[in-house]
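In: 3D, please:
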Amino acid sequence: MDRRLRFVVDKEGLGARVTDAGLAAILALAGGDMRKVLNVLQATASGFETVDAATVYACTGNPTPADVKAVMHELLNAPLAGAHAAVLALTRRGFALTDVLGQVAARAAALALPPDALKLIVTRLADIEYRLAFGTTDKVQGAALAGAFAAMRELLDEAKAGK
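Out: You can find the predicted model right below:
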């Protein structure tokens, strides 16, 4: 996909306006969907002078990798209230919890977790996504997200203690 995206950038005469980081952001957000790659490129190039990582994330309304890394840190380390506050802070900045959840889920799946912990977190994240699809509020499901990670940490702590 990278090669094809660069071909389109060249043919559209966008080379001087597009950065490598912008291309990487487009590819990361597209999730393997070439139509989405082209749509995001077109939208970002139409709306901004430069197609870089910041403008791609701004154009699509997705949190940046730094935003997701920060919220993951809180979910994995902070007490429940602090983790919930970090999630709410992202939604107050205008990010949809479904977008945050998708990126958090991808990062959670990449963690080196024991099978029981991975099963717990994936199941909880799927439940949150389901409830969001049926109209529950970001505030309530943000608490569920923080609670899911708290439950996972508790499971890991119990396993470490040999319970």
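In: what mean pLDDT would you report for the helix ranked longest in the chain?
Out: What stands out as the longest helix in the chain, according to DSSP state H, is helix 138-161. Helix 138-161 shows a mean pLDDT of 94.
In: So which elements touch that helix?
Out: helix 65-77, helix 80-92, helix 97-110, helix 115-133 (3 or more CB pairs under 8 Å, 6 or more residues apart in numbering; DSSP states H and E). To be clear about C-beta, it is placed using only N, CA and C from the backbone, and glycine gets the same treatment.
In: among these, which is nearest Leu23?
Out: Among these, the nearest to Leu23 by CB to CB is helix 65-77 (14.5 Å).
In: what's in contact with the closest one?
Out: 28, 63, 82-83, 85-87, 90, 95, 100, 103-104, 107-108, 145-146, 149, 153 (CB atoms under 8 Å, 6 or more residues apart in numbering).
In: same deal with stretch 35-54?
Out: So stretch 35-54 is contacted by 1, 4-5, 8-9, 12, 14, 17-19, 21-27, 29-30, 55-56, 58-60, 64 (CB under 8 Å, 6+ apart).
In: May I see the buried residues of that stretch?
Out: Under the neighbour-count criterion of 16 or more other CB atoms under 10 Å, stretch 35-54 has Val37, Val40, Leu41, Thr44, Ala45, Phe48, Val51, Asp52, Ala53 buried.
In: Okay then, goodbye and thanks.
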